[in-house]
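Chemist: Okay, sequence plus prediction incoming.
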Amino acid sequence: MQFNGKTVCVCDCEGSMPLAAGQIAKACDGEATDVATHLCRAQLGRFEETLKAIDGDVVVACTQEAPLFLETAEDLGFEGELTFTNIREKAGWSSEGDKATPKALALLAEATLPRPITGTVELESGGSVLVIGGDDKAWEAAETLAATLTVTLLLKPDGEFTPPTVSQFPVFSGTARSAAGHLGAFSVTVADVAAYTPSSRQSLKFEPASDGGEFEFDLILDLSGGAPLVTSPEKRDGYFNPEPGNPAAVMTALFELAGLTGTFEKPQYVAYDPDICAHARSGIVGCTKCIDACPAGAISPAGEEVAYDANICAGCGNCAGVCPTGAASYLLPSVDHLLTRLRTLGATYRDAGGTGPRLLVHDGDFGEDLISALARFGDGLPASVIPFAVNSVARTGLEFLLSAVAYGYSRISVLVPPEKLDELDSVNSNVDLANTILAGLGYEHTRLDVISERDPSTVGSQLADGADVGTIEAATYLSTGGKRSLISLALGHLHGQAPAPVDVLALTDGAPFGTVVVDVEGCTLCLSCVGACPAGALADNPEMPQLRFLEEACIQCGLCKATCPEKVISLEPRLDFTGEARNLRTIKEEPPFECVRCGKPFGTESTINSMVEKLKGHPMFSDEAALNRLRMCEDCRIIDMAEAGNDPMAEGVRPMPRTTDDYLREREEARRMAREAGDLPPED
């Protein structure tokens, strides 16, 4: 069967899924008999014939037997792309399986979309590993790793150890204070380092301790049982800190460490655009949301920008989820691919007769396992709940959530693994803000929610108990543009469909939307706020002294407020749905100040008058003439000072150079005067 230009193979898994074969065949341009019942066993020949007959890509609606299908394709020399989608646990295996055909078709349509291409980061490991511990378990682990890696053992001071018969690796005593870096490039700070003495007899003895320092290793096995040396150790490639008392965890770490030699690739999770970053301007810090949200410590301040260490980044997506401008964008995949999936799933579901689609956002590990358990041992997912897998749920920013509602999903639930509490704050903040906006427009406040449960039955109950809050006409706009553009498109559609639309919606502090309130009487139009604004929300006018503002671009970072020398700017978080928010509006304007000497326009009246007022009484401007020069342009100011005899460039009369004749003449004159006074005898 053909679906969206690709060949699809659908199986009802021995009749365990009550799929509407006729409806699937009609949507896929095929016959009802094309839906197999035992494609992985009795009907495997049908799959082989399909691969032999086509020259394109194939989508198989089964993930459980993917290894078998891949092996079969390899044996046949199939050169196309073979992809898989799970319509069994996610659709057919459900107490509402007889209603799940629209969802199954939506999942098939999603699987036919082109796969996104993402960049990679290379990590090099030479196999040097630091083993840290305080008992024999660390020594045993070091001996195990020594067969494949270059081991250095760091033991806690004051421990009792039996000296080795054969010294297989360097052994030191010391205290590891901290570690920085990543797989292939760790730097470990160690205090009180001491090497063991080869003459140790009954117990291991050490030389006098040195101050220590920083040491470099490719890998770290921390069996100290204390606090991790790095933040979020589970996210740091190359760093392992299993519980020393858990043999299974220690053996798993040893097994993984043994293979970490060579060159490795990891995805480049985040792209960073410093041009729209709101971190800082002129030494004043504005936005630190990405730095605060990063659990792995991969983001750090770097002047007016921030620095992303792609080698440390673990791909949680917190930074992209909380970034107000889109300076940090997630690449695995990009948001436009996510929104294309959203639009395709919803449109296919509705075209197949489905109503009230709901979205369950989940990750590929915890979420997939929970959905599988719910399908195998419970009632499965409701027919209207469409699962949506992402690499990390924390990357679901406001643009994604609002777009999902705009694309017609009646509820959006985000499934957060309970152990990933560091991803919960960013998800909750985005969900809360989206709910605030929707409630302000008359939508149900519970349209979006967060589920953080491990028990499949509890999750199933929460999904089944969700009331249908109604749907809106789905948006059709394409997912193009940056984060703010996508949010603007979604908000425009939601406002147009809103049960109770408002022109202006007040928001709480910290929201990335709003206006600036300027005390125009105190504003001198110095325009320092324009230079500080990272989003281009504040602008000047090259033709005349003018301060203008574009509310749609404002992210409420506060840099303008912090930069303003007159302290006349305050922030007002809100959403303005009128056309005013999309147009530049003038906050203050003045005619240019004219030079009191030549009439040339320069500066603004507010700036000049403020400067004159502040400098009154200053020693350099003690008289009215000096003070009046502040009202002159740069040329007239110099001319006036020169005319008044105060030319700063004037040097006075230049003295004549003195010569030897001058000195001789002066000496003779002094002698003559001395003779006349009787101080010297007369000349002969």
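Modeler: Perfect, I can see it now. Numbering: from 1, shown residues only.
Chemist: what's around residue 336, how many residues?
Modeler: Counted with other Cβ atoms under 10 Å, the neighbours of residue 336 add up to 16. Any C-beta I mention is one placed from the backbone N, CA and C, and that applies to glycine too.
Chemist: Take the helix or strand bottoming out on mean pLDDT in the chain, keep the C-alpha atoms, and write them as CSV.
Modeler: Comparing helices and strands within the chain by mean pLDDT, DSSP states H and E singles out strand 601-604 as the least confident, with a mean of 82. Taking Å, rounded to 0.1, in the frame of the first residue of the first chain, the C-alpha atoms of strand 601-604 are listed here in CSV:
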residue,chain,number,x,y,z
PRO,A,601,20.6,71.1,15.4
PHE,A,602,22.3,68.7,17.8
GLY,A,603,21.2,66.6,20.7
THR,A,604,17.8,67.0,22.3
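Chemist: Could you list the buried residues of whatever helix or strand comes next after that strand?
Modeler: Scanning forward in sequence from strand 601-604 by DSSP states H and E, the next helix or strand is helix 605-615. Going by neighbour count (16 or more other Cβ atoms under 10 Å), the buried part of helix 605-615 is 606-608, 610-611.
Chemist: For helix 605-615, name the packing helices and strands.
Modeler: In this structure, helix 605-615 makes packing contacts with strand 592-594, judged by 3 or more Cβ pairs under 8 Å, 6 or more residues apart in numbering; DSSP states H and E.
Chemist: partners of the strand it packs on, with directions?
Modeler: Note on strand 592-594: by DSSP bridges, its sheet partners are strand 601-604 (antiparallel).
Chemist: Contact partners for residue 129?
Modeler: Applying Cβ atoms under 8 Å, 6 or more residues apart in numbering, we find residue 129 in contact with 145, 149-152, 217-221, 257.
Chemist: try 6 Å this time
Modeler: Residue 129 is in contact with 145, 149, 151, 219, counting by Cβ atoms under 6 Å, 6 or more residues apart in numbering.
Chemist: Need the phi and psi values for the last one.
Modeler: The one in question is residue 219. phi -140, psi 160 (degrees, to the nearest 10).
Chemist: Please report the distance of it from residue 121.
Modeler: 17 Å (Cβ to Cβ, to the nearest Å).
Chemist: Those two: which is more packed in?
Modeler: residue 219 (26 against 15).
Chemist: Which residues are in contact with the more buried one?
Modeler: 129, 238, 257, 260.
Chemist: okay, the most centrally placed residue in the chain: pLDDT?
Modeler: Central residue of the chain (Cα atoms, centre = their mean): residue 319, 2.5 Å from the mean position. We have a pLDDT of 95 for residue 319.
Chemist: For it, pull up the helix or strand it's in.
Modeler: With DSSP H and E as the criterion, residue 319 is inside helix 318-322.
Chemist: Who are the packing partners of that helix?
Modeler: Where contact means 3 or more Cβ pairs under 6 Å, 6 or more residues apart in numbering; DSSP states H and E, helix 318-322 is packed against helix 289-293, strand 328-330, helix 424-440.
Chemist: which residues touch residue 28?
Modeler: Contacts of residue 28 (Cβ under 6 Å, 6+ apart): 1, 3, 8.
Chemist: Of these, which is the most crowded?
Modeler: Neighbour-wise, the contacts of residue 28 (other Cβ under 10 Å) top out at residue 8, 27 neighbours.
Chemist: Please state the backbone phi and psi of that residue?
Modeler: According to degrees, to the nearest 10, residue 8 has phi -120, psi 140.
Chemist: Residue 450 too?
Modeler: With angles defined as degrees, to the nearest 10, residue 450 sits at phi -120, psi 130.
Chemist: Surely residue 542 is within a helix?
Modeler: No - counting by DSSP: H, G, I helix; E, B strand; the rest coil, residue 542 is not part of a helix but coil.
Chemist: what's the burial count for it?
Modeler: Residue 542: 6 neighbours (other Cβ under 10 Å).
Chemist: any idea how far residue 369 is from it?
Modeler: Taking Cβ to Cβ, one finds residue 542 at 60 Å from residue 369.
Chemist: how about the residue lying closest to residue 1 once chain neighbours are set aside, secondary structure?
Modeler: Leaving aside its chain neighbours, residue 1 sits nearest to residue 30 (3.3 Å; criterion: Cβ to Cβ, 6 or more residues apart in numbering). Secondary structure, three-state DSSP: residue 30 is coil.
Chemist: wait, doesn't residue 30 sit right on residue 2?
Modeler: No - Residue 30 is beyond contact range of residue 2, at 7.1 Å (criterion: Cβ atoms under 6 Å).
Chemist: For residue 258, list the residues it contacts.
Modeler: Applying Cβ under 6 Å, 6+ apart, the residues near residue 258 are residue 148.
Chemist: all strands in the stretch 151-300 of the chain, in order from the N-terminus.
Modeler: 171-182, 185-195, 212-217, 219-223, 239-240, 262-267, 270-272, 280-281, 284-285, 299-302 (DSSP state E, counting those that start in this stretch).
Chemist: Which of the ones you listed has the highest mean neighbour count?
Modeler: Most buried of the strands of the stretch 151-300 of the chain by mean neighbour count (mean count of other Cβ atoms under 10 Å) is strand 219-223; its value is a mean of 26.
Chemist: Check which residues of the host helix or strand of residue 46 are buried.
Modeler: For residue 46, the host element (DSSP H and E) is helix 44-53. Buried residues in helix 44-53, counting neighbours by 16+ other Cβ under 10 Å, are found at 44, 47-48, 50-51.
Chemist: Equivalent analysis for stretch 412-420, please.
Modeler: For stretch 412-420, by 16+ other Cβ under 10 Å, it's 412-417, 420.
Chemist: End to end on that stretch, go ahead and measure it.
Modeler: 19 Å (Cα to Cα, to the nearest Å).
Chemist: any idea of the mean pLDDT for that stretch?
Modeler: The average of the pLDDT scores along stretch 412-420 is 92.
Chemist: if we look at that stretch, which residues are touching it?
Modeler: Counting by Cβ under 6 Å, 6+ apart, 359-362, 366-367, 393, 396, 404, 424, 427, 448-452, 454 sit against stretch 412-420.
Chemist: picking that back up, may I have the helix holding residue 319 as CSV, with CA atoms only?
Modeler: Output of helix 318-322 as CSV, limited to C-alpha atoms (Å, rounded to 0.1, in the frame of the first residue of the first chain):
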residue,chain,number,x,y,z
ASN,A,318,15.8,23.1,29.3
CYS,A,319,17.7,26.0,27.8
ALA,A,320,15.6,25.9,24.6
GLY,A,321,12.4,25.5,26.6
VAL,A,322,13.0,28.6,28.8
